[in-house]
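Q: what follows is a predicted protein model with its sequence.
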Amino acid sequence: MKHAAFAGRLVMLGFGSIGQGVLPLILRHIDMPKDRIEIVTSDDRGAGTAAEMGIKHTVLPLTRENYEAELRARLSKDDFLCNLSVDVSSVALITLCREIGALYLDTCIEPWLGGYTDPSLSPSQRSNYALRESALALKTGAGPTAVTTHGANPGLVSHFVKQAMLDVARDTGHDTTVPATREAWAKLAADLGVKVIHIAERDTQVAADRPKKRGEFVNTWSIDGFTGEGCQPAELGWGSHEKALPPDGKRHDFGCDAAIYLMRPGASTRVRSWTPLEGPMHSFLITHNESISLADYYTLRDEKGAVLHRPTAHYAYHPCDDAVLSVHEFAGRNWEIQPEKRLMMEEITSGMDELGVLLMGHKKGAYWYGSRLTVEEARILAPHNNATSLQVCVAVLAGMVYAIEHPNEGVLEADELDHARALEICFPYLGEMAGVYSDWTPLQDRGALFPEDVDTDCPWQFKNFRVV
């Protein structure tokens, strides 16, 4: 099925695992000639893949000094820049696309090289909160559509949240009319009593014949992306039900004030969470844009602007076991990346990515809704993919289709897109979609061996989720 036709040129910036995985989907589902597509990337990864597909592949690292001239030579009005790169400023690219009149999409709001770990910046200034605020500042006025942060998470999971809330509304006897405005969605979250939203993910993919070795960082998706965000402060949307800031928690002194950060990296911060197949798990609280955007989007305010209800929201990520070992070694090296990096793709022998959203605090306790995609299914569905990458790639496709269908909506986050249309495009590539209720809380089996400082009056306090 062709979801959209596009007459302009497409520049794909970056061609790592996501670029190589999404290109077959673009060719399959967007009607456009191959000679209108060019890959611009910092190294020769994927050159053979591009050649097999008949797509121009240019090795050209973009910098502060050359990005404008190089992209102006390749883009004009009504063209499309699909940004899947790292270390190139998203804000700079969005600004340029607005001037040119080109459409834009990315999966993460990136700073220039070094921005995640710049010691001259405060933790607040190098947070995802700050990066998001810099992108939101571009929302003023009309312009070509720029879809920001639309991969699996951030991105696809925002559509999961909306569908999950409609499911909970249906199963608790609530009105199931689909809200038409941001304010109506926020009121639905408040009426349902949703206090906490986890992006609860468990990756079980393994390469049985090639385990991680010393001095090697192994992962099923971008290693630079994972380690970059893992070195940022742990961040979370901060709910209105929370009684007290964590001892190392800080508020930002600018922006929407929907989130806080911890004075420690996300790759060393653990939280309790739950998925249906894994059950209870200790996960990394890695900073992500959706942790902030979800809390902000679902903030219900009164006429004077005071907050009436806001959920706590954050990522709870248990990567594949080799990635957990890699993070442990990475931390032991004082956050200096290992000399070798290996992105697992063809060598994966089994496993799945169980990616969903866990809504907690409503009448039925907890509800997980999401995708269970095995590596075997992923390989059948699309070439050059594993389970993790395909969940990202199909969301990139959905975001591109939305921009083509709605070309003049300015800067948009995933929460602002039509969730039903996005899911319609994504569902065929997500394996089994599951919705499961649970009586799990972070207080389960606590204090049996050692007494703990927990809040038994409100199980949904962040202090109960945090592993200390």
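A: Yep, it's here. Values in this document were obtained by computation on a predicted structure and should not be read as measured data.

Q: C-alpha from now on. contacts and neighbour counts both.
A: Will do.

Q: show me where pLDDT drops low in the protein?
A: Applying pLDDT under 70 to the chain flags no residue at all.

Q: name the residues linked to the residue lying closest to Phe427 once chain neighbours are set aside by a beta bridge.
A: Among residues not flanking Phe427 along the chain, Met433 sits closest, at 7.9 Å (CA to CA, 6 or more residues apart in numbering). Per DSSP bridges, residues listed as beta-bridge partners of Met433: Ser371.

Q: and the longest helix anywhere in the chain, what does it pack against?
A: If you go by DSSP state H, the chain has its longest helix at helix 387-405. Secondary structure elements in contact with helix 387-405, counted by 3 or more CA pairs under 8 Å, 6 or more residues apart in numbering; DSSP states H and E, are strand 4-5, helix 17-29, strand 103-106, strand 146-147, strand 352-362, helix 375-381, helix 419-426.

Q: quick one, which of the ones you listed gets closest to Val454.
A: strand 352-362 (16.7 Å; CA to CA).

Q: listing partners with orientation, what would you give for the closest one?
A: strand 196-203 (antiparallel), strand 365-374 (antiparallel).

Q: mind giving me the domain split of the protein?
A: 4-147, 156-391+420-467 (automatic domain parsing).

Q: closest one to His406 among those domains?
A: Between those, domain 4-147 lies closest to His406; by CA to CA that is 7.0 Å.

Q: and that closest one, how far out from the chain's middle?
A: Relative to the centre of its chain, domain 4-147 is centred 16 Å away, using CA atoms, centre = their mean, to the nearest Å.

Q: same check, this time on stretch 290-300
A: Using CA atoms, centre = their mean, the offset of stretch 290-300 from its chain centre is 14 Å.

Q: if we can go back for a sec, what angle do the longest helix of the chain and helix 419-426 make?
A: 120 degrees (axes from the mean of the first three to the mean of the last three CA atoms, to 10 degrees).

Q: which parts of helix 387-405 are buried?
A: For helix 387-405, burial by neighbour count (16 or more other CA atoms under 10 Å) applies to 387-404.

Q: just stretch 201-208 next, same as before
A: Those would be Glu201, Arg202, Asp203, Thr204, Gln205, Val206, Ala207, for stretch 201-208 by 16+ other CA under 10 Å.

Q: now the domains of the chain as CSV including distance to Asn408?
A: As requested, these are arranged in CSV below (distance: least, CA to CA, whole Å):
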stretch, distance to Asn408
domain 4-147, 5
domain 156-391+420-467, 18
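
Q: among the ones you listed, which comes closest to Glu413?
A: Per CA to CA, nearest to Glu413 of these: domain 4-147, 6.0 Å.

Q: ends of the closest one, what's the gap?
A: 16 Å (CA to CA, to the nearest Å).

Q: try stretch 268-285
A: Start-to-end, stretch 268-285 (CA to CA) is 8 Å.

Q: the chain should start at 270 in everything you say after this.
A: Sure, I'll start numbering at 270, so the last one becomes stretch 537-554.

Q: what's next to it, contact-wise?
A: Outside stretch 537-554, the residues within contact range by CA atoms under 8 Å, 6 or more residues apart in numbering are 467, 469-471, 503-504, 535-536, 555, 583-587, 600, 623, 625, 627, 637, 705, 709, 711, 734-737.

Q: among those, which ones are buried?
A: Judged by 16+ other CA under 10 Å, buried ones among the contacts of stretch 537-554: 467, 469-471, 503-504, 535-536, 555, 583-587, 600, 623, 625, 627, 637, 709, 711, 734-735.

Q: returning to that earlier point: reformat the helices and strands packed on helix 656-674 as CSV; add distance to Thr450.
A: As requested, those are exported to CSV (distance: least, CA to CA, whole Å):
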stretch, distance to Thr450
strand 273-274, 26
helix 286-298, 29
strand 372-375, 23
strand 415-416, 18
strand 621-631, 20
helix 644-650, 35
helix 688-695, 12
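
Q: ok, which of those comes nearest Leu400?
A: Nearest of those (CA to CA): strand 372-375, 13.2 Å.

Q: identify all contacting residues around the helix or strand following that closest one.
A: Next helix or strand after strand 372-375 toward the C-terminus (DSSP states H and E): helix 397-405. The contact list for helix 397-405 (CA under 8 Å, 6+ apart) reads 359-360, 378-380, 393, 501, 504, 524, 528, 556-558, 561, 680.
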